[in-house]
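K.L.:
Sequence unavailable; structure follows:
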């Protein structure tokens, strides 16, 4: 390829990447097809047959205790009160096993290992046909365990809340910022519904407010609120503007831009802008429509937990997620837990606060899984339950656990994920991921694989990705 | 039997392969894989084991350990063995993912089939010969030049070769709008649109306006990563407070047309270039921006990466963990570069009249630790520094031949002992005296009146006065001792200062005890009593250590430090390393600096860069089509004293810049020969940046506040100032600006120009566009609608409406006036006109720089 062609290709590609993808790739799709650019951009269609169409990404900000959710460790009750080095498992503390962690704040009050073993603060029971044990803080999710693959062998490298970003991007807080998994999905896949944004964030965001980074702001998640009057920024006029007048206004804008075509023939940005106005006009009604729950039955609402004040807020978000999935939205990122560090951060009062937080999410999540299942959507929708890291086997203060990046649990369900299994394991104390350890990007790779994308195909010129950024597909959990 | 069978099997295998082999093509299947995965270590850049495989002939020749592949003998190939090895220590490429099985299979087939390759295959050129690494020589202007400017002469030559016919100049209104938006970021007013003066004269006027400084400062702030401070809550973690001093320096420098060479020198080493000149030193906010509380390596990595990309178009960051894979930059070059920055730290210098650094202060850098060693981090891991070798400060060795020497710089006392500055002492004394006056007034108000004005007991008010007086006494003694210490140390003065300090502490703690007694907080009271006892005990001790006056506030080197405990006196010599770097970047021999800058300016006028990879001029950047033009402009830029004003003038006066951006009426042969317009036979339309959109709305409405400079504006306030002045950080970003591809504070060498429906929603629904539409409508003259439509088109789009457009607008107005909501409005005509303006603000050519 001669340099001129390469340069004009780059130029064209740059334009196409910036056009329409953030919300709906219709203009892009048309142009890709017309110009035969499909091979250049992965965009628009999966490279192999997808199992899943959409992702609901649930992220518990802070760190959910793996020990008191999905990874039972009776040994902690046996050795309660002892120091780790007094147990037969003292070797978990060996420095060479702990060197993968990169400390951001030296001698920070949090993010330390805690040596005095803290017993389990909640019991476990077996659920479903698989008999997988889930803690009694998550009984409803437990009731869906036959749909779920629990991965008990996650690890990450940040012992502090930079892990929020890391779980989404695969990069440590001290590394350069790179696109998050949602941005890559948005980049790699075309839209299924031109009237809706393809990548949505609901709930309090993590540190970084951007997702696209070097892919560009068009790949950032669109912030959405469960408020039919004002679900997106600028979704409704901020001044009095009767609908009939607005409709006429859109008509004139469209007409004038159409006339402009004759003055500027072949102007691709103009073509894209005309499309974008058509989409925007439709989106104004489409988005509020999705979060208008008036057509949902009482039993559906109850299933999610609309009837309880503790669960209501998250229930609304998850019901909205299902409705977005039905409408073909690709990636819905839902964040739970307020505050800079995230609510799931029990350095103290673990029992009281984990119980409270678990109650807020348990029924809505189970409701979502059941609802997706009964509508036949679970097969093509992947639900991911993630968090920053686990919590220490030892106690922090009298009644808390500290951050624990060496081993923790996440789970996935739907979208061709095998249900009713556990994968990987931590050691007896729940300290290190010892069997099938997985770095956070393995979740990304698995998710992309189910969407029909190959992680290695997602790369743009000038921004070399590292092997670890791509992750590896966890084949064992695929159905 | 076995043997024969085997033979037959082999034949069958060979026959099967013959079919497959025919399909393997070296150029299509093999060479791209080798280039992507192998050639960084076995090509022109490096020849590990003496082996090059950037051509098939070299691959066949093998390395110093003999051949790696022989045609027809894949089984003996060491190349294949190493590619397919299961041992990660053995497997090529080292420390990287293995080749895909199908890639290895293709190489196997290619070897088996005889390693066929084109006979005229060229190997990689010597990396040092890369076009951008050659010194900039001014190319001769092409003979054929009949056009008015040099830019056109270069372009015309190539256009003529392809037989292209260029488009005519854009109509005056469109051109004026383009010029105003490009040079000032604001659309022309009606009067400016009708300005009949010659174009070039208007250009000169705009280039000297403060609005030009603001417009182009924002471009450079993108590239130089301007961000206001952010952190967690009140804790500053990134950048610095009051960084706007640097932003104002950028604006002022551009308005004054300071040379770009000088700007770089001031930003990297203003403290060494003109030590003591606050107006210059504030430029080092460029470096202070990279401050990061938690990790010095991350901080310096950012400094190195973006200094390399912004000024040099070099991706030095790719050499942090290993030698650069594409460019002749070794890992040690990276650490040499780091050593240049190793001694520097960040501090806030006081602004005359302000002693509270929360209120104001000038963020700047200075060499704090001149002897801090630099070590290479093995595999880029800061936990594994190679302490066996001390890394010296140096520029990348590829370009070291023209590096000036490092000359240490002696600093004036005001720099290394900032507490000695007159204004600092004066301001502190004034504050101490004011505190006494306040305390006295409060005491007086309480004792001279009944009932007393204050709820505080007299005893406490008296203690307040005593404490304030003790503070002043201490300050005076400290200043006296400090002054002596800098000239002729005086033991008696030191002793006095120590004594006054102790007395002050006693007075302060006495006050604290009384305050806590009043507050009835037992815990705090106990602590205050303990502190008082300690202060009294200390007073009895006869030592002579005093705390000098801290004139500045040094940023924490790590969160464990305490600002108050940092010494008041800094090193009196700066290493001169950064000044050496700045001079090397701006020396004429440097092949990169001027090219990179010219490319940035060109991109922002034409919409398309001359070199597509604007931050990477290394070997990943192919020789640009218009290298002659780039080099001519770069040479001219340097010869003009690195004058941006001159560069802008050259560009906007060119015929290429002034052309219409439409294809309409274009010669069909031209359109067919150069459909992507790489030869600039027409102009490229561009989308406005976020700030330009907002500023234009305000400006057209006559609502823009033209004030220049000053502290950033809080976002929650309804401001009418230009968008450049809003707080912009990781955590805070003005909402409307954020909608339109605003600058990412982490890296923004070029803004995106996305087209997404959110933009349509923001333009259609934002309070700003609705409010401004009404204001604009009221400003536009026109007694009848017909005139109004014409004037609105002219004002908003820079051109007159055509017949169809007039008809559409008329029809719209009529339909609108038929609506009940409009009919019943008290001023329906105003409303109709406001709606019409609003529709035009949503026209493609409003948001577009035509």
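P.N.:
Done, it's in. Bear in mind that the values here come from a model prediction, so they are computed numbers and not experimental data.
K.L.:
Quick check: the gap between the residue nearest to residue B:563 when sequence neighbours are not counted and residue B:420.
P.N.:
Distances taken as CB to CB, 6 or more residues apart in numbering or on different chains put residue B:553 closest to residue B:563, at 5.9 Å, once the chain neighbours are dropped. Bear in mind the C-beta positions are built from the backbone N, C-alpha and C, glycine included. Using CB to CB, to the nearest Å, residue B:553 is found at 16 Å from residue B:420.
K.L.:
repeat for residue A:425
P.N.:
Distance from residue A:425 to residue B:420, by CB to CB: 65 Å.
K.L.:
Show me which of these two is the more surrounded one.
P.N.:
Neighbours were counted for residue A:425 and for residue B:420 using other CB atoms under 10 Å in any protein chain shown; residue B:420 has more, 23 against 18.
K.L.:
Retrieve the pLDDT associated with residue B:210.
P.N.:
pLDDT, residue B:210: 98.
K.L.:
what does the one 3 residues further on give?
P.N.:
Predicted confidence (pLDDT) for residue B:213: 98.
K.L.:
ok, it - contacts?
P.N.:
Residues near residue B:213 by CB atoms under 8 Å, 6 or more residues apart in numbering or on different chains: B:250-255, B:708.
K.L.:
Please apply the same query to residue A:336.
P.N.:
Neighbouring residues of residue A:336 by CB under 8 Å, 6+ apart: A:58-61, A:203, A:314, A:343-344, A:357, A:360-361.
K.L.:
In the stretch 651-800 of chain B, what residue lies closest to chain A?
P.N.:
At 3.5 Å from chain A, residue B:760 is the closest residue in the stretch 651-800 of chain B, using CB to the nearest CB.
K.L.:
Would you confirm that that residue contacts residue A:279?
P.N.:
Yes. Between residue B:760 and residue A:279 there is a contact at 7.4 Å, judged by CB atoms under 8 Å.
K.L.:
sec struct for residue B:571, please.
P.N.:
Following DSSP: H, G, I helix; E, B strand; the rest coil, the label given to residue B:571 is coil.
K.L.:
residues near it, how many?
P.N.:
There are 18 residues near residue B:571, going by other CB under 10 Å.
K.L.:
Just give me the residue right at the centre of the chain.
P.N.:
Since you didn't name a chain, this refers to chain A. By CA atoms, centre = their mean, chain A has its centre lying nearest to residue A:57, at 3.1 Å.
K.L.:
actually it's chain B I care about, not the one you picked
P.N.:
Mean-position check on chain B, CA atoms, centre = their mean. Result residue B:224 at 2.0 Å.
K.L.:
Those residues of the stretch 51-200 of chain A touching chain B, which are they?
P.N.:
Residues of the stretch 51-200 of chain A lying near chain B by CB under 8 Å from any CB of the partner chain: A:104-107, A:174, A:176-177, A:197.
K.L.:
The stretch 351-479 of chain A too?
P.N.:
Contact residues (CB under 8 Å from any CB) of the stretch 351-479 of chain A with chain B: A:461-462, A:464, A:467.
K.L.:
Buried ones among these?
P.N.:
Among these, those classed as buried by 16 or more other CB atoms under 10 Å in any protein chain shown are residue A:462.
K.L.:
Could you list which of the residues of the stretch 351-479 of chain A next to chain B belong to helices?
P.N.:
With helices defined by DSSP state H, the entries of those inside them are residue A:467.
K.L.:
returning to that earlier point: can you tell me the number of residues neighbouring the closest residue in space to the residue nearest to the centre of chain A that isn't next to it in sequence?
P.N.:
Nearest residue to residue A:57, sequence neighbours excluded (CB to CB, 6+ apart): residue A:333, at 4.6 Å. By other CB under 10 Å, 26 other residues sit near residue A:333.
K.L.:
check contacts around residue A:333.
P.N.:
Counting by CB under 8 Å, 6+ apart, residue A:333 touches A:57, A:59, A:182, A:199-202, A:221.
K.L.:
Assumed it was part of a strand.
P.N.:
Yes. Counting by three-state DSSP, residue A:333 is found in a strand.
K.L.:
Give me the neighbour count for the residue lying closest to residue B:314 once chain neighbours are set aside.
P.N.:
Excluding the flanking residues, the one nearest residue B:314 by CB to CB, 6+ apart is residue B:308, at 4.4 Å. Residue neighbour count, defined by other CB under 10 Å, stands at 24 for residue B:308.
K.L.:
Nearest residue to the residue of the stretch 651-800 of chain B closest to chain A in space, please, no chain neighbours.
P.N.:
In space, residue B:760 is closest to residue A:280, 3.5 Å off (CB to CB, 6+ apart).
K.L.:
What of residue B:380?
P.N.:
That would be residue B:321: by CB to CB, 6+ apart, it lies 3.1 Å from residue B:380.
K.L.:
Provide a list of residues in contact with that neighbour.
P.N.:
For residue B:321, the contact set (CB under 8 Å, 6+ apart) comprises B:331, B:379-381.
K.L.:
helix/strand/coil for it?
P.N.:
Recorded secondary structure, residue B:321: coil (three-state DSSP).
K.L.:
quick one, phi/psi of residue B:713?
P.N.:
The phi/psi pair for residue B:713 (degrees, to the nearest 10) reads phi -90, psi 130.
K.L.:
which residues touch it?
P.N.:
Taking CB under 8 Å, 6+ apart, one finds B:719, B:721, B:725-727 in contact with residue B:713.
K.L.:
Mind listing the residues bridging to it?
P.N.:
residue B:726 (DSSP bridges).
K.L.:
Okay, now the unreliable bits of the chain?
P.N.:
Picking chain A for this. When residues are selected by pLDDT under 70, those of chain A lie in A:1-47.
K.L.:
Switch to chain B, please.
P.N.:
For chain B, the stretches flagged by pLDDT under 70 are B:1-22, B:144-147, B:452-453.
K.L.:
Alright, calling it a day.
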